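Peer 1: fold the following for me, if possible:
(chains A and B)
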Amino acid sequence: MENMIDITVIDREGKQHLLKAPTDMSMNVMEICKSYELPVEGICGGMALCASCHVYVKSEHDLDEPSEDEEHMLDQAFFVKSNSRLSCQIKITNEINGLIVQLASVGGG
Amino acid sequence: MIHTDILIIGAGPVGLFTVFEAGLLKLKCHLVDSLGQPGGQLSEIYPKKPIYDIPGYPTILASELVDNLMKQIEPFKPGFTLGERAEKLEKTENDNFKLTTSKGTTIYAPVVAIAGGLGCFEPRKPPIDNIDLFEDKGVDYIIKDPLKYKGKRVLVAGGGDSALDWSIILSDIADEVTLVHRRTSFRGALDSVDKVMDLARKGKINLITNAQAVGLRGNGVLKEIIIEEEGKEDYSHNADNFIPLFGLSPKLGPMSDWGLRIKDNAIVVDTFDYSTNIAGIYAIGDINTYPGKLKLILCGFHEATLMAQSAFRYIHPDQKLSFKYTTVSGVAGF
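Peer 2: Numbers count the residues shown, from 1 in each chain, chains lettered A, B, ... in the order given. Presented below is the predicted three-dimensional model:
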């Protein structure tokens, strides 16, 4: 389909989900995960103001560097690694076709 | 002891607007919130963010919307119990509800409206296995009395304003202050960052960056904290106190034990009047769920309006409720 890209999401049980995401609806990865009813909270709704959509980027995509706001929220998350991102800050564009992300543990709370 | 008509749990936008709609029906309200200020998420998470979908406002800052709501409900003189968590809800003999807060305040009302949003904001706890064992035995998520740390070796974790500010304050009180942060740069008021760096140079704060606390050890009380630092083997750091400051996150909390029907962390309601499975208890705003639910402030306002009408009929089953537009009769307070 036109304007559709593929994103693979690995859930916390290690199961892979292939998601189809539209590039023309100004969506982000958090929103796509939620629309597929994957267990991503996204409490703040995508403003990089909570850390409840934390993922690890597993593919070699050249994503934009995280903003200072995003880094600051990652400071409040746990299990943060060098490939940690807030999925609400990854926009659905043709450039990220084939992206693979893994949902981070929610641990601690 | 407080008596009111509608006890509102949660002082976010929807809880606040409930006061207005109830007030038009001459019902008095009292609000309880675990946060110290009204506004809920709008005050706690995004006060300076513009909101674009409030009817009649092309754009309004979250904090302005809260200020406006406070002004709008002022004529109805609502009561507030802030900074106290709604802990226990029980039915009394004369069919009232009795709410007890975390600080022991009791509030009685025939109707309870739960406008709890995402739940209570609570400090984020680091996912360290045995951390529960050391709570109040060295581990504190909130600093209530900084003087408590006099003569202690304290380890603060986090990279935001509160971690920076408390490290600065404690560097004057505690015997030794260590600040652990996962990266080298801090986001916080520039002034605080400079101060911490300066204190670190002077040896008053022991700064460990690119690191995190991953383990706790002790014998009844906290003695050591295990630090994972980039490029090093994990090592142990002696400390009397561990103060992780990673902000707040919402939790449903004690509400989940009140016998309400819950689905996916939300309270199931009937869209006729947003009543729950317990007569006299309603749930409105982000905390409820029903087919087609949207977590929007404007939907919460609608829910609050219908709920108030139903609450009136529940409290006064023998009285006729006549619906009036505010344009006809204005807003007469109490």
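
Peer 1: excluding sequence neighbours, find me the nearest residue to residue 90.
Peer 2: Using chain A here. Using Cβ to Cβ, 6 or more residues apart in numbering or on different chains and skipping residues adjacent in sequence, the residue nearest A:I90 is A:V29, 4.3 Å away. Backbone N, C-alpha and C define where each C-beta goes, glycine included.

Peer 1: hmm, I had chain B in mind actually
Peer 2: Leaving out its chain neighbours, B:E90 is closest to B:K98 (Cβ to Cβ, 6+ apart), at 5.3 Å.

Peer 1: so B:D273 sits against B:M307, correct?
Peer 2: Yes: using Cβ atoms under 8 Å, B:D273 is in contact with B:M307, at 6.0 Å.

Peer 1: and for residue 9, the neighbour number?
Peer 2: Chain wasn't specified; assuming chain A. 23 (other Cβ atoms under 10 Å in any protein chain shown).

Peer 1: not quite, I wanted chain B
Peer 2: 27.

Peer 1: that one is in contact with B:K88, isn't it?
Peer 2: No: using Cβ under 8 Å, B:I9 makes no contact with B:K88, being 11.9 Å away.

Peer 1: enumerate the residues of the stretch 51-200 of chain B near chain A.
Peer 2: Near chain A, the residues belonging to the stretch 51-200 of chain B are B:118, B:122, B:124-128, B:158-160, B:181-183, B:185, B:187 when assessed by Cβ under 8 Å from any Cβ of the partner chain.

Peer 1: which two among those are spaced furthest apart?
Peer 2: B:L118 and B:S185 (29.4 Å; Cβ to Cβ).

Peer 1: okay, the two: which has more neighbours?
Peer 2: B:L118 (26 against 13).

Peer 1: one step back: intersection of neighbour lists for B:I9 and B:K88?
Peer 2: By Cβ atoms under 8 Å, 6 or more residues apart in numbering or on different chains, B:I9 and B:K88 have these common neighbours: B:L99.

Peer 1: circling back to that earlier point, neighbour count for B:D273 and B:M307, which is higher?
Peer 2: B:M307 (27 against 16).

Peer 1: need the next SSE after the helix-or-strand element of chain A with minimal mean pLDDT, C-terminal direction.
Peer 2: One helix or strand of chain A scores below all others by mean pLDDT, DSSP states H and E: helix A:68-74, with a mean of 88. Remark: after helix A:68-74, the chain's next helix or strand is strand A:84-86, criterion DSSP states H and E.

Peer 1: and that next one, how far from the chain's centre?
Peer 2: In terms of Cα atoms, centre = their mean, to the nearest Å, the centre of strand A:84-86 is found 7 Å from the chain centre.

Peer 1: quick one: mean pLDDT over that strand.
Peer 2: Strand A:84-86 shows a mean pLDDT of 95.

Peer 1: which ones are touching the residue minimising distance to the centre of chain A?
Peer 2: Centroid-nearest residue in chain A: A:S87, 2.4 Å away (criterion: Cα atoms, centre = their mean). Residues near A:S87 by Cβ under 8 Å, 6+ apart: A:28-30, A:33, A:40, A:42, A:53-55, A:101.

Peer 1: got CSV for those, with secondary structure too?
Peer 2: Putting those into CSV (DSSP: H, G, I helix; E, B strand; the rest coil) gives the following:
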residue, secondary structure
A:N28, strand
A:V29, helix
A:M30, helix
A:C33, helix
A:V40, coil
A:G42, coil
A:C53, coil
A:H54, strand
A:V55, strand
A:V101, strand
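
Peer 1: list just the nearest of these to B:L69.
Peer 2: Once Cβ to Cβ is applied, the member of these that ends up nearest B:L69 is A:G42, at 25.0 Å.

Peer 1: which non-adjacent residue is nearest B:S249?
Peer 2: B:R124 (5.0 Å).

Peer 1: tell me where the stretch 151-300 of chain B has strands.
Peer 2: Using DSSP state E, counting those that start in this stretch, the strands of the stretch 151-300 of chain B run over B:153-157, B:176-180, B:205-208, B:211-219, B:221-229, B:235-238, B:241-244, B:248-251, B:262-263, B:266-268, B:281-283, B:288-289.

Peer 1: pick the most deeply packed of the ones you listed.
Peer 2: Stretch with highest mean neighbour count among these: strand B:281-283 (a mean of 27; mean count of other Cβ atoms under 10 Å in any protein chain shown).

Peer 1: now for it, which elements pack on it?
Peer 2: Counting contacts by 3 or more Cβ pairs under 8 Å, 6 or more residues apart in numbering or on different chains; DSSP states H and E, strand B:281-283 packs against strand B:111-114, helix B:297-315.

Peer 1: which residue does the stretch 101-250 of chain B bring closest to chain A?
Peer 2: B:P127 (3.4 Å; Cβ to the nearest Cβ).

Peer 1: could you point out which element follows the helix or strand containing B:M70?
Peer 2: If you go by DSSP H and E, B:M70 is part of helix B:62-73. Sequence order places strand B:79-82 as the next helix or strand after helix B:62-73, per DSSP H and E.

Peer 1: list the buried ones in that next one?
Peer 2: By neighbour count on 16 or more other Cβ atoms under 10 Å in any protein chain shown, the buried set for strand B:79-82 is B:79, B:81.

Peer 1: in terms of secondary structure, what does the next helix or strand after that strand contact?
Peer 2: Beyond strand B:79-82 on the C-terminal side, the first helix or strand identified by DSSP H and E is strand B:86-91. Where contact means 3+ Cβ pairs under 8 Å, 6+ apart, strand B:86-91 is packed against strand B:97-101.

Peer 1: can you list contacts of the strand it packs on?
Peer 2: B:7, B:9, B:32, B:81, B:84-92, B:106-112, B:280-281.

Peer 1: go again with 10 Å.
Peer 2: B:1-2, B:7, B:9, B:30, B:32-34, B:81, B:83-92, B:105-112, B:254, B:258, B:278, B:280-281 (Cβ atoms under 10 Å, 6 or more residues apart in numbering or on different chains).

Peer 1: weed out the non-buried ones from those residues.
Peer 2: Buried among these (16+ other Cβ under 10 Å): B:7, B:9, B:30, B:32-34, B:81, B:84-87, B:89, B:107-112, B:254, B:258, B:278, B:280-281.

Peer 1: now B:I107, what's its secondary structure?
Peer 2: B:I107 - assigned by three-state DSSP - is strand.

Peer 1: I'd like to know how far B:Y274 sits from B:A113.
Peer 2: Remark: distance between B:Y274 and B:A113 (Cβ to Cβ, to the nearest Å) = 8 Å.
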